[in-house]
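**Student:** With the input below, show me the fold.
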Amino acid sequence: MFAHNTNTKTLFTEAGFTIQVERTDQIVSRENLLDRVMGEVRFRRASERMREGRLPAISLNAVDVNGNVIGTVRLWHVKAEGTQDALMLGPLAVDPAVQGLGIGGALMRSALAHARKAAFGAVILVGDPEYYARFGFGAALAANLSMPGPFERHRMLGVELRAGSLAKARGLIAPAGKKIDTAKVLRKVAA
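**Tutor:** Modelled structure (predicted):
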């Protein structure tokens, strides 16, 4: 049952899991999940250059009935010539033990709804075209965009949350948004 509500910390409830805005006490669990699902290769990807030293615009976790983080997705402020209020999505990850139960889809629907409600214009990602097409992503809107570093062109996808937000998008995607205050983050994690 889809129950989207961005006025609370819980955005979506499904049998066996809940989608939540990430809490500080979930950061270590999220990072451990990403390490298990994606390994060290995630730090070598061009998409990681968009995230380094920045705070995410949106950070959501899927949590099981015991409070364990079983899925995660984050969206990051980015800019390129001709973009309006754009985000880059990634990584999206689901614990292998619970893949195939709709958790990734629930995270995607919640993330896009959250981005829409927050008045972002578009979301860009590098990912599997077949998987992300069901959420409206396509290569045409991102065809004139590039990444700093190697990436597979056919996997650069975009979706407009506001009509025309990517119509004139072109050039190199660059990180934007707030930089991380590392000392503050470490204090919160340690608390």
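**Student:** now the lengthiest helix in the chain: mean pLDDT?
**Tutor:** Longest helix in the chain by number of residues (criterion: DSSP state H): helix 103-117. Averaged over helix 103-117, pLDDT sits at 96.
**Student:** next one: stretch 69-87
**Tutor:** Averaged over stretch 69-87, pLDDT sits at 94.
**Student:** ok now it, how far from the chain's centre?
**Tutor:** Centre-to-centre, stretch 69-87 and its host chain are 6 Å apart (CA atoms, centre = their mean, to the nearest Å).
**Student:** which parts of it are buried?
**Tutor:** Buried residues in stretch 69-87, defined by neighbour count with 16 or more other CB atoms under 10 Å: 69-80, 83-87. All C-beta spots, glycine's among them, are computed from the backbone N, C-alpha and C.
**Student:** Equivalent analysis for stretch 53-68, please.
**Tutor:** Going by neighbour count (16+ other CB under 10 Å), the buried part of stretch 53-68 is 54, 56-64.
**Student:** chain center to that stretch, what's the gap?
**Tutor:** Counting by CA atoms, centre = their mean, stretch 53-68 is centred 10 Å from the centre of its parent chain.
**Student:** And for stretch 131-148?
**Tutor:** Counting by CA atoms, centre = their mean, stretch 131-148 comes out at 14 Å from the chain centroid.
**Student:** what's the answer for stretch 108-115, then?
**Tutor:** For stretch 108-115, the distance to the chain centre is 9 Å (CA atoms, centre = their mean).
**Student:** How about stretch 16-24?
**Tutor:** The answer for stretch 16-24 is 14 Å, by CA atoms, centre = their mean.
**Student:** And for stretch 147-154?
**Tutor:** 18 Å.
**Student:** What residues of it count as buried?
**Tutor:** 147, 151.
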